[in-house]
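Trainee: any chance you could fold what I've pasted below:
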Amino acid sequence: MFRRIGLFPVMLLVASLALAGSSSEPPGCILGDQALAGKQPDLAVIEYNRCLSKNPPTFKILSNLGIAYAQQNQFSEAIQAYVQALALEPDNAIVRENLGLAYMKTNRPKEAAEQFARSLMADSGNGKTLELLAYCHLKLGEYALAAYEAGLVHQASPGDPSAAYILGVSYMQLGMYVQAIPLVVNSLSRAKSAEAYMTLGEAWLGVRNSPKALEAFQNAEKMDPKLPGVYADLGEALTDLGEMEEAKAAYLKELARDPGNFKANYMLGQLDRLIGNDAEAGKYLEKANELQPGAAGPAYELAALAMQEQDYQKAERILESVVQQLPSFTNAHVLLAQAYSRLHKTEQSTRERAIAAALQKADHARLQAEGERLKWLSGGKSAAQAAGKQ
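Mentor: Residues are numbered from 1 along each chain as shown. Prediction:
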């Protein structure tokens with residue numbers, strides 16, 4: 001099922017204090033240092049640029065100018081100053097980190113990751129830089145790498161809420177919901193945010209605990225009713241709990257402010273199909289398919305509509321594509337078996353039923369194992385412990 005993962009507001013503060021001044025510096029440079037130390041970035045920018053217009057550039061002046069620009073939120077100018085400074089002193093870890101932060105502020109995680117990695121080459125023990133690198137890899141969709149890096153930071157600093165959150169979100173994206181839940185709870189115990197509550201709710205949905213998911217989404221809504229996707233998530237939890245009218249209202253609320261929300265279109269289309277409102281279902285499902293062409297969820301629902309309309313060849317065509325794309329999609333194998341049966345393809349139907357049965361057995365075993373793990377994480381005894389095996 002589709003998951004929108006919210007990102008914890010990781011602190012992306014502009015790093016590094018101004019470097020120490022020198023009495024041998026030209027007056028404009030000294031005035032720039034004093035302004036920067038006195039938290040007057042506007043004046044610092046003026047003085048440093050005045051100094052640079054009359055004197056050869058130095059690493060110190062350029063790096064401090066970058067800091068002053070960053071404090072003004074002029075990150076493009078900060079990037080230029082940092083790059084010029086690093087041309088004079090390429091191995092400076094602090095300025096590499098500052099440049100990475102400026103890239104993050106301009107939504108360039110790939111470039112930021114390169115700078116954080118190069119900063120770590122010069123200062124390998126800097127946990128905050130490693131955490132920022134993990135955050136970049138999370139943004140880039142490199143979840144296993146993000147999990148590894150955030151895991152190292154979390155192991156060294158278990159009380160760091162942002163490291164716990166990055167690790168938790170990485171685990172979620174890898175389908176490791178049980179491992180993700182305590183990490184997100186850990187981060188929430190130290191720094192509450194609507195995004196973190198939303199992520200926790202999505203983790204609970206991942207282990208099919210809809211009441212816990214609903215509670216988390218309601219907390220997210222209370223903290224930030226304008227949080228993108230929160231009503232789509234509320235709708236999913238309400239749908240799982242059988243509250244169809246409330247779920248539909250939540251989806252429509254999401255679509256009223258964002259008609260292009262994939263999840264709300266997909267889930268509302270699914271809900272309408274289940275209650276027999278096929279015309280509306282088709283409209284929302286086609287929109288979802290347009291937003292994410294080839295996505296397995298909407299495709300499956302469109303195939304189910306085709307089955308209801310007795311267009312078995314269309315359903316067959318769609319479902320064959322779905323199971324090729326997502327071989328573990330149990331319901332798609334079940335429906336494809338039915339389509340083959342209607343088309344009198346007995347051998348293919350038998351094969352799909354066997355695959356579906358094997359997947360259902362594996363799903364049951366996984367859910368049992370997850371239930372044991374969640375019980376242990378919440379402080380209860382597992383079945384094995386109760387039997388005296390642990």
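
Trainee: excluding residues flanking it in the chain, which one is nearest Leu152?
Mentor: Nearest non-adjacent residue to Leu152, counting by Cβ to Cβ, 6 or more residues apart in numbering: Leu130, 6.3 Å away. The way it works is simple: take the backbone N, C-alpha and C, and place the C-beta from them, glycine included.

Trainee: you'd agree the one you found is up against Ala146?
Mentor: No - contact criterion Cβ atoms under 8 Å: Leu130 and Ala146 do not qualify, at 10.9 Å.

Trainee: got a pLDDT number for the closest residue to Glu286 other than its chain neighbours?
Mentor: Distances taken as Cβ to Cβ, 6+ apart put Leu302 closest to Glu286, at 7.5 Å, once the chain neighbours are dropped. pLDDT recorded at Leu302 is 95.

Trainee: which secondary structure element is home to Leu302?
Mentor: Secondary structure from DSSP states H and E places Leu302 in helix 296-308.

Trainee: what does that helix rub up against?
Mentor: 1-2, 265-266, 269-270, 273, 278, 281-282, 285-286, 288-289, 292, 312, 314-315, 318-319, 321-322, 325-326, 329, 331-332, 335, 338-339, 342 (Cβ atoms under 8 Å, 6 or more residues apart in numbering).

Trainee: Tyr48 contacts Ser63, doesn't it?
Mentor: No - Tyr48 lies out of contact with Ser63 (Cβ under 8 Å); the separation is 10.2 Å.

Trainee: now Pro90, what's its secondary structure?
Mentor: Remark: Pro90 carries the secondary structure label coil [criterion: DSSP: H, G, I helix; E, B strand; the rest coil].

Trainee: what's the separation between it and Ile61?
Mentor: Note on Pro90: its distance to Ile61, by Cβ to Cβ, to the nearest Å, is 17 Å.

Trainee: more neighbours, the two?
Mentor: Neighbours were counted for Pro90 and for Ile61 using other Cβ atoms under 10 Å; Ile61 has more, 27 against 11.

Trainee: so which helix or strand takes in the more buried one?
Mentor: Residue-wise, Ile61 maps onto helix 59-71 under DSSP H and E.

Trainee: now do stretch 137-147, average pLDDT.
Mentor: For stretch 137-147, mean pLDDT rounds to 96.

Trainee: next one: stretch 153-168
Mentor: 92.

Trainee: in it, which residues are buried?
Mentor: Judged by neighbour count (16 or more other Cβ atoms under 10 Å), stretch 153-168 contains these buried residues: Val153, His154, Asp160, Pro161, Ser162, Ala163, Ala164, Tyr165, Ile166, Leu167, Gly168.

Trainee: next: stretch 62-73.
Mentor: Leu62, Ser63, Asn64, Leu65, Gly66, Ile67, Ala68, Tyr69, Ala70, Gln71.

Trainee: okay, these in TSV with pLDDT and distance to Ser210 next?
Mentor: Below are the buried residues of stretch 62-73 laid out as TSV (pLDDT from 0 to 100; distance: Cβ to Cβ, whole Å):
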residue	pLDDT	distance to Ser210
Leu62	95	55
Ser63	94	52
Asn64	94	54
Leu65	95	54
Gly66	96	49
Ile67	95	48
Ala68	96	51
Tyr69	96	48
Ala70	95	44
Gln71	94	46
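
Trainee: around the residue nearest to Gly141 when sequence neighbours are not counted, how many other residues sit close by?
Mentor: Setting aside the residues directly before and after it, Gly141 is nearest to Gln173 in space (Cβ to Cβ, 6+ apart), at 7.8 Å. Counted by other Cβ under 10 Å, the residues lying close to Gln173 total 18.

Trainee: chain center to the helix holding Leu302: distance?
Mentor: Centroid separation between helix 296-308 and its chain, computed with Cα atoms, centre = their mean, to the nearest Å, is 27 Å.

Trainee: try stretch 331-343
Mentor: Counting by Cα atoms, centre = their mean, stretch 331-343 comes out at 34 Å from the chain centroid.

Trainee: also stretch 344-355?
Mentor: Distance, centroid of stretch 344-355 to centroid of chain: 38 Å (Cα atoms, centre = their mean).

Trainee: would you mark the buried spots in that stretch?
Mentor: Lys345, Gln348, Ser349, Glu352, Arg353, Ile355.

Trainee: with just CA atoms, put that stretch into PDB.
Mentor: Extracted C-alpha coordinates of stretch 344-355, given in PDB (Å, rounded to 0.1, in the frame of the first residue of the first chain):
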ATOM      1  CA  HIS A 344     -11.400 -20.800 -19.400                       C
ATOM      2  CA  LYS A 345      -7.600 -20.800 -18.900                       C
ATOM      3  CA  THR A 346      -7.700 -23.600 -16.300                       C
ATOM      4  CA  GLU A 347      -4.000 -24.300 -16.100                       C
ATOM      5  CA  GLN A 348      -3.100 -20.600 -15.500                       C
ATOM      6  CA  SER A 349      -5.900 -20.200 -13.000                       C
ATOM      7  CA  THR A 350      -4.700 -23.200 -11.000                       C
ATOM      8  CA  ARG A 351      -1.100 -21.800 -11.000                       C
ATOM      9  CA  GLU A 352      -2.300 -18.400  -9.700                       C
ATOM     10  CA  ARG A 353      -4.400 -19.900  -6.900                       C
ATOM     11  CA  ALA A 354      -1.300 -21.900  -5.800                       C
ATOM     12  CA  ILE A 355       0.800 -18.800  -5.700                       C
END
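
Trainee: so who does Ser119 touch?
Mentor: Ala93, Ile94, Arg96, Glu97, Gly100, Asn126, Thr129 are the contacts of Ser119 under Cβ under 8 Å, 6+ apart.

Trainee: ok, Asn261 next?
Mentor: Pro228, Gly229, Ala232, Glu254, Leu255.

Trainee: what do you get if the cut-off is 6 Å, keeping everything else the same?
Mentor: Asn261 sits next to Ala232, Glu254 when contact means Cβ atoms under 6 Å, 6 or more residues apart in numbering.
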